[in-house]
Every structure is written in structure tokens, then in C-alpha cells.
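# Predicted model, plus sequence, below.
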Amino acid sequence: MTKSAEIYACLYAREFPTQALLRLRPELRDKPCVVMDGKPPLQEVCSLTRKARKLGMAHGMTQVEVDTFSGVTVLERSAREEAAAREALLECAGCFSPRVEEVSYDRSFLCVLDIAGMKGLFGPPEALARSLLTRVGALRITACVAVSSNFHAAIAVAKAPLPLSVRVVPTGEESMALAALPLTVLDLGEQQAETFLLWGIRTLGMLAALPERELISRLGQAGKRLRQLARGEAPHLFQPVEPAFTLRERMELDSPVEVLDALMFVANLMLEQLILRATARVLALASVSIALALEGGAIHTRTVRPALPTNDRQIWIRLLHLALEAHPPQAAVLGVTLDAEPGSTGQVQLGLFSPQLPEPSRLDITLARIRAIVGDENVGRAVLTDTHQLDGFRLETFSIDPFEIPSAQPAEAPPATLRPAMRRLRPPETVFVTFQGPRPRAFCFRQRRYSVERAYGPWLTNSEWWSATLWGCEQWDLVARAPDGSALCGCLMRDVLRDQWKMAGLYD
Amino acid sequence: MIRPVTPTGVREIDALLDGGLPVGAISEITGPETSGRTAVALSFLRHLTHAGRVCAWVDVSDTLSPESAAVAGIDLTRLLWVRCGVSKDATKPSADYKFSLPEKYLIVASKKKRLHGGGCGGHPRNEVKGLPNAVSGLLRPVAIAPRCAEPQRRVRAERETFVPQAQPSLPRAGVRSNSSKPWARIEQALRATDLLLQAGGFSAIVLDMASIAPEHASRVLLATWFRYRAAAERTQASFLLLTQHPCAKSSGDLLLKFQPGEARRDESTVFTGIEHRLEIERQRFTQAPTNVIPLRKSPQHANTAEWQSQTTWAGAR
């Protein structure tokens, strides 16, 4: 790649601690807010909003000084939320260029994108910068973008206090563009800043005009580098970062929350951000885990996984709400973390004559609601297990695969006759049996006495000899009649181990 | 107007009902125990699940036997089963009677499937390892004790320890948890049915109240059935209601009354099946409306059907 082909875009977000906190607290955006950093009682203001600055507040104010202002919201600096916001911004930058370098500063976010060769995809650099800003704006971060063919010139222009949010420096005019900027855009040491102040050097243009040899003799090699920076000629070895794609949002609550609805309000904002990030990659959320940091240090985690990946926020909110309602946290909530797994946004073309099926996302909500009514383990589809034991089945989550095409061929030939169905009694009801020899002759069931007309049996079943579980029963098919003439066909079981007679089921 | 119907799979009933049970309406099937209600409902679902449709079974008294459903030919993956009033301790298998057999006699089951398909343990040669010791451990010391002429070894008789686990305390008869009360079950079922009907997409919903005593079932408000009928009509679902006594009244399109079944006596050794009989109590839209008033009494439909069910183990007849 030739040198002239190089072009960089620098994304710069100032007052980052505040912006990262206000991203998930939109109600505070129009209010004066300050973010305090440091260990109490030595806290100072590390970042503040424009409204707070207009009130006369400044960086470095102490808690006592802040208390003299009324109507100011004071927030604690949160490294976790900043990390989450930084991750989101880097990922957003990654959508515009595969090569992104993060230049971290303590109180601001700065990353540089190598946008050489991106013209075909995103148009000229101005258009790219504008769409990048739009995307960043959707993350609720205010930033500015500077474009230049020199890496450091782009950073210096981005950091300059200019009213424009998109600043493009034409190739070859870097020194002219930088000339008017103050020296504060460079990271000067305290001593260097003092020296330049003594010399009367205030702008980069004045620094660039200094003779090189004399500058080096007075300031050493650092002087040479500063002059190169001021002229927009400093070389740079680009070190791209490769941020892992993780969909995670964290929020630490200002006060412990016990009401689920209030929590859902917070989760709603976080989900919005997650969905935004997933949509940028043409993905949908496949599963969401909500981890609640509780008072006392415990963590309460619930995972929701609908049948199909979806980006519908309402569905996610309902599913999370139902999941937390069914398993509520045992203490007040201090922090919320949402982890999402991305899935593909597969659309399926249904046939014109395919049968009507429940809508998967709606079915998920319906099933979650029914689960809340009857219990978690009592809804689903039955899967038979390979055993002769009574109730040899397990319930699995009911889901319909929309990609499965129902077989077009007709079902196998219907059985020639109807099969009698068994109605199981769970738990089996105790009966009192009278015997004639080895066969049951009469029994009492549900406060009625039945005389046995026919008894077929006994059929013996028992457990697998190789397993540790031991059971065995003797089964009798009975045709019985009550004194009033009503017939009953049932399956009587004798538990061999306990020697108990029970009615296991009725034929119907 | 053509009213769509779905066949039940029982030839006699389909002939009687001119095709089957109505779609988008409530069909009520009433009758005592052993009258064949469940078998007919399962046979009805069989047709729908094989056509790729999805059905739901709201089981008020938790009596559905998945084995029976499978025998009836239902595709169980397309049947949503909602079990109502199941208490947590009842879901645990109560029939388990566990012995903690000494671990040395059990082969540790491994989850990995090996090539030889043995399914438990590693290479077969390891299975024989230590077998002589294990066998002699199983036998009583007397069996392998040296005979009188042989040098006597001192064998300390060790008592085998088969420790039965503490038996789960059986719930006292008459004391039942709240969820097992009939009305609590019915309420759960009604709410679940409401949700299923609203969700739409289910071709058939069976509300199985066949084991609920009439005095409880009749407490369900008539407005509920009316709402269900409207929802079933909107979503074009066949709503099947199994009861012991008619409940839905005028909201039901079809009321089938099953007579008590009589056991077949074909064999003296096995239970072969039941003979069933049903009667149509009420059916809507049987006659096309006409302006002509006939002078004679019009020909009447037959309104009874008889059929037999046959168990799987009875064989071909």
C-alpha cells in the first residue's frame, strides 16, 4: 500500500465516564450530572455533563464543593459500565473497518479506524464519518469523527475543541489544518508545556515553524517527535485490535431494587442496546441470560431461550418477566447483567397448503405462561423411555420446528380397530381386594364394592436386574361390576415389594 | 354452507356424524368411566398429528397415558400435554425402592458410547479385571471355605450391608395438597385452555375432565364455554370436551353421549377389548333450512352407533 492511500478516521467521545453511565439512564440526559471518582472521602469530579459545566462545575471538584450546587445528580464512576460501553463502541467501529486501533485515555474514548479502501462500501470519507456517527448516536453516545491521511493528525483534529462533529482534513493539508489548534491536543509533559509557555508557543503552527535542529538540541528526541506531530508527519505503526463479539450489557443500580417491574424497565433499555448491536451484524438474539447481583453477594441467573432467535424486544421482556416471576430473586437487586447469544435471523417460507401451526414466538410466551400456572415440569411433549415401569416417560420442552416440512405422503394405514385407552390414576389409588384362591374376587374402589367378573393375569414386571433401582409389580386386568350394574374395566397392580394393591388405571 | 369436519378414525362414528367432529366448535363427549371417550379422542388426534398439525391435551386430572397415546398412533412430538394439579412430590417416581448395593458389584456406567456398543465401561478386557475377586466376594464365605482336609483359613465373616434407604413417608389418605383438589385443578386447566385458544394454531384442543365428578365440572361458568366457542371459531380449532355429564350446554355444537362399555369375552386368558355404544344427544345444523314444511314427518337420522375396541395384545382376529 502506498503512503498516499492511507486514510484514517478517528472516533472521539469526550466525558466518557458520564456518557457510559447515561447510556442506560436516558432520563438523566437533560439534567446536570457529575461523576465522582476516587476513594471516599477523597472523591473528585472526573467527568460532567454540559449542563453541569454551565452551572459552574469543573473537573477536580471535591464532594464538599459539589454539595454547594443544588439539583445536580451525582453518580459513582463504574468501570464495568465503561467497559461495556467501550466494547459496544469498538464493535460499532468494527462494522466500518476491519482494522481498528484503540487509543485509550482515562476520561475519554478514542479509537482510530483504518478506512483505506472503504470508499466502495461506504462512499467518501464524509459519508462514512456521518454514518459512523449515526450508528454511535444509536448507542446513545455523543462523539465526533476526524478524517485524515495521518494517524496522529486525525487524533489531534478529533480532540480539538471545534463545533463540528465531522472534520475532514484533505490529504497534504495536514500542517495547515493543524496550525490553528492549541498545544493541548498533544499529550505534552508538564515540563514541556511550561517550556513552550515560556517560549510563547501556543499553537501547533508555531511549534511546526520552529527549526528542527535547534529544537532537538533543547528538548532532545521528544522535541523532534512533537514537531513531527505538529506538522502532521509523525509516522505510526498501526496495531489493530480484534474485539471479540460478545453481547453483554451491565448496569449497576443506584439503589437496591425489589420490584420486578422496575427491573424490567432497566432490562428493556439494555435489551434495546443488545438488539441494536445484534441487528448491526444481521443477527438476532437466540438466548438471553439475566444475572442479578443480589444483596449479600449472591447471583441469581435465569436463561430464556425461545424456539426461534428473535429481535422483538416485547417478546424478550415478557419472557424474562415470566421467568423471573416464576423464580423470583430472594433479595434486593444491586446490579443487572444481560448476556445474549446471537443466532441467525432465518426466515422460513411456509407452504401455501401447509397446515396452520402456532406462531413460534407467541407459542413461547404461551408456554411460559402455562408453566407459571401448572408448574415447570408439567408442560411439554411426552417422550417414552425404554422401560416397563409405570409412567415410563419424561416431558421435554414443546417446540415446533418450522423448518421441518410435514410429510406429504399419507399417514400409515390406520389400525383396523380402535385401541382401548388407559386412563392412568396418578398416584395409584389404594383398593381393598378380596381373594378366592390366588385370584381377586371382589374389591372396594372409591367407596364402592365391585365384584370381579373376569380377572386376567397376573402379568409380572420387574426392574432391570443390572440397575440399582428395584421395583416389581403384578398386573391384573379386571372386568368388574358394581351392584347397580355399572361395569368397570381396570388395571389392578400389586406392588410386590410392599405387597400393596392399587388401581393403576382404567380402560376407557 | 359447508361446515368442515375432521374424521375421528372410527368408521361407525364417522358414518353417524357425516364425516366427523366439527372444526371451530365445541364437541362434548360425555359418559361414565370405561365408555370409550378417551380412545375416541386419541383416535381423533391421531389423524391431525399425522397431517402435520399440532394438538393440545389439557389434562385436568393428570390421567393421560402417553403409552396409550403412542399405541393409538399419535405423533407425540406434535401433542402438547398440559398436566394440571400435579404436586411436586407426586412427580417423583414413588415406585422406586432403592437399595444401595455395594458399589464394587456395579459397573460404573460411562456416558461415552464405545465402538463395540457395550455402552458401559471402557474396553471389554477391563470388565473382567478383578472378576474372580468380585465373584468370591459375592458368594457366601461358606461356599468357598476349605473342606475339612484342606488347611483351614481364617475367614472373618463379614456381614453384607444392604442398606435400604429411608422410605419416603406416604401421604396420609384424605390429606391432600391444595393443588390436588378438583376445583384448583379445573381452574388451572381453564386458564391454560384460555391461553392455548388465544395463542391459536392448535388444530385440536382436548379438555379432559372425564375423571372430574359432575358436581365439580358443572361449576364452570357457562360464560367460559361461550368464550371458548368463540375462540375456537376464530382460530378454527376443534375443541373437544370430555366430561361425565354435559356441561357446555348450548355452547357445544355436538353432544355425544357414550353408554357404559361392556367388556368383550373372546378369550379366557387375556383382556381383549370393550364394546362401546354412543348416542347423539344434540347436533347443530343437521338439517338444511328450507321454506317447505313437509306434511309427513321427515326421515330421521340414526343417532346411535356401536363399535368395538381391541387391545394390542389380543392379536389379529
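That came in fine, so what should we check first? All values reported here derive from a predicted model rather than from experimental measurement.
# of all of the stretch 101-250 of chain B, which residue lies closest to chain A?
B:Gly201 (3.0 Å; Cβ to the nearest Cβ). Glycine gets a C-beta too; all of them are placed from N, C-alpha and C.
# any idea how far A:Glu464 is from B:Leu131?
B:Leu131 sits 21 Å away from A:Glu464, taking Cβ to Cβ, to the nearest Å as the criterion.
# For these two, indicate the residue with more neighbours.
A side-by-side neighbour count of B:Leu131 and A:Glu464, using other Cβ atoms under 10 Å in any protein chain shown, places A:Glu464 first with 13 against 9.
# what sits against that one?
A:Thr387 (Cβ atoms under 8 Å, 6 or more residues apart in numbering or on different chains).
# Tell me who's in contact with the residue nearest to B:Leu79 when sequence neighbours are not counted.
Sequence neighbours aside, B:Cys55 is the residue nearest to B:Leu79 in space, at 5.4 Å (criterion: Cβ to Cβ, 6 or more residues apart in numbering or on different chains). Listed by Cβ under 8 Å, 6+ apart, the contact set of B:Cys55 reads B:Leu45, B:Leu48, B:Thr49, B:Arg78, B:Leu79, B:Leu80, B:Phe202, B:Ser203, B:Ala204, B:Ile205, B:Val206.
# Ok, B:Ile13 next?
B:Gly20, B:Val40, B:Leu278, B:Ala305, B:Trp307.
# Distance check, it against A:Leu253.
62 Å.
# and if you look at A:Glu82?
Between A:Glu82 and A:Leu253 the computed distance is 16 Å (Cβ to Cβ).
# So between the two, which is more surrounded?
Per other Cβ under 10 Å, whichever of A:Glu82 and A:Leu253 has more neighbours is A:Glu82, with 20 against 16.
# ok, the more buried one touching A:Phe16?
Yes: the criterion here is Cβ atoms under 8 Å, and A:Glu82 meets it with A:Phe16 at 6.6 Å.
# Show only the entries of the contacts of B:Ile13 found in strands.
Judged by DSSP state E, the contacts of B:Ile13 include B:Leu278, B:Ala305, B:Trp307 as members of strands.
# Chain A: which of these is nearest?
B:Trp307 (6.6 Å).
# nearest residue to the closest one other than its sequence neighbours?
B:Glu12 (4.3 Å).
# Check A:Pro428 too.
A:Lys502 (3.6 Å).
# Near the one you found, how many other residues are there?
A count of nearby residues for A:Lys502, using other Cβ under 10 Å, gives 21.
# Can you report how many residues neighbour A:Val112?
Around A:Val112 there are 27 residues (other Cβ under 10 Å).
# Run through the neighbouring helices and strands of the helix or strand hosting it.
Assigned by DSSP states H and E, A:Val112 falls within strand A:109-114. Applying 3 or more Cβ pairs under 8 Å, 6 or more residues apart in numbering or on different chains; DSSP states H and E, one finds that strand A:109-114 contacts strand A:8-13, helix A:79-94, strand A:100-102, helix A:151-159.
# Just give me how far the second one sits from the chain centre.
Distance of helix A:79-94 from the chain centroid (Cα atoms, centre = their mean, to the nearest Å) equals 14 Å.
# which residues touch stretch A:427-442?
If you take Cβ under 8 Å, 6+ apart as the criterion, stretch A:427-442 is touched by A:390, A:443-446, A:449-452, A:455, A:476, A:478, A:480, A:492-493, A:500-504, B:90, B:94, B:173.
# Can you flag the buried ones in the contacts of B:Ile13?
B:Gly20, B:Val40, B:Leu278, B:Ala305, B:Trp307 (16 or more other Cβ atoms under 10 Å in any protein chain shown).
# Check whether the helix or strand containing A:Glu474 comes near chain B.
Following DSSP H and E, one finds A:Glu474 within strand A:472-481. Yes: residues of strand A:472-481 are located near chain B by Cβ under 8 Å from any Cβ of the partner chain, namely A:Cys473, A:Asp477, A:Val479.
# okay, now the domains of chain A?
Domains of chain A are assigned by automatic domain parsing as A:8-231, A:247-343, A:422-507.
# Spit out the contact partners of A:Leu183.
By Cβ under 8 Å, 6+ apart, the neighbours of A:Leu183 are A:Ala193, A:Phe196, A:Ile201, A:Arg202, A:Thr203, A:Leu204, A:Leu207.
# Can you give me the pLDDT of the first one?
Read it as A:Ala193. For A:Ala193, the model assigns a pLDDT of 90.
# tell me the SS of it?
helix (DSSP: H, G, I helix; E, B strand; the rest coil).
# what's the distance between A:Val304 and A:Ile317?
Counting by Cβ to Cβ, the gap from A:Val304 to A:Ile317 is 10 Å.
# These two: who's more crowded?
Taking neighbours as other Cβ under 10 Å, A:Val304 and A:Ile317 compare with A:Val304 leading, 21 against 15.
# hang on, the earlier thing: need the domains of chain A in CSV (columns: distance to B:Pro260).
Output for the domains of chain A, formatted as CSV (distance: least, Cβ to Cβ, whole Å):
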stretch, distance to B:Pro260
domain A:8-231, 66
domain A:247-343, 42
domain A:422-507, 6
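# Which among these is found nearest to B:Lys257?
domain A:422-507 (15.0 Å; Cβ to Cβ).
# For the stretch 101-250 of chain A, which residue gets nearest to chain B?
Closest to chain B within the stretch 101-250 of chain A is A:Leu247: 28.5 Å, counting by Cβ to the nearest Cβ.
# separation between that residue and B:Ile280?
Distance, A:Leu247 to B:Ile280, by Cβ to Cβ: 59 Å.
# Looking at the two, which is more packed in?
Comparing A:Leu247 with B:Ile280 by other Cβ under 10 Å, the one with more neighbours is A:Leu247, at 22 against 18.
# Pretty sure the more buried one sits against A:Asn311.
No: under the criterion of Cβ under 8 Å, A:Leu247 makes no contact with A:Asn311, lying 11.7 Å away.
# neighbours of A:Leu271, just the number please.
A:Leu271 has 24 neighbouring residues, counting by other Cβ under 10 Å.
# What is the burial count for B:Pro4?
B:Pro4 has 12 nearby residues by other Cβ under 10 Å.
# My guess is it contacts B:Gly20. True?
No: using Cβ under 8 Å, B:Pro4 makes no contact with B:Gly20, being 9.3 Å away.
# shared neighbours, A:Leu247 and A:Asn311?
The overlap between the contact sets of A:Leu247 and A:Asn311 (Cβ under 8 Å, 6+ apart) consists of A:Ala278, A:Leu285.
# Enumerate every residue touching B:Ala72.
A:Arg419, A:Ala421, B:Ala39, B:Leu42, B:Ser43, B:Leu45, B:Arg46.
# any idea how far the first one lies from B:Leu42?
Think A:Arg419. Counting by Cβ to Cβ, the gap from A:Arg419 to B:Leu42 is 8 Å.
# which of the two has more neighbours?
Just comparing A:Arg419 and B:Leu42: by other Cβ under 10 Å the higher neighbour count belongs to B:Leu42, 28 against 20.
# Quick check: closest non-adjacent residue to that one.
Leaving out its chain neighbours, B:Leu42 is closest to B:Ala72 (Cβ to Cβ, 6+ apart), at 4.0 Å.
# how about the strands in the stretch 201-350 of chain A?
Taking DSSP state E, counting those that start in this stretch to define them, one finds strands in the stretch 201-350 of chain A at A:247-257, A:283-294, A:299-304, A:333-344.
# OK, contacts around the closest residue to chain B within the stretch 251-400 of chain A?
Closest contact between the stretch 251-400 of chain A and chain B, by Cβ to the nearest Cβ, is at A:Pro358 (3.0 Å). The neighbourhood of A:Pro358, defined by Cβ under 8 Å, 6+ apart, consists of A:Thr366, A:Ile400, B:Val54, B:Ala199, B:Gly200, B:Gly201, B:Phe202.
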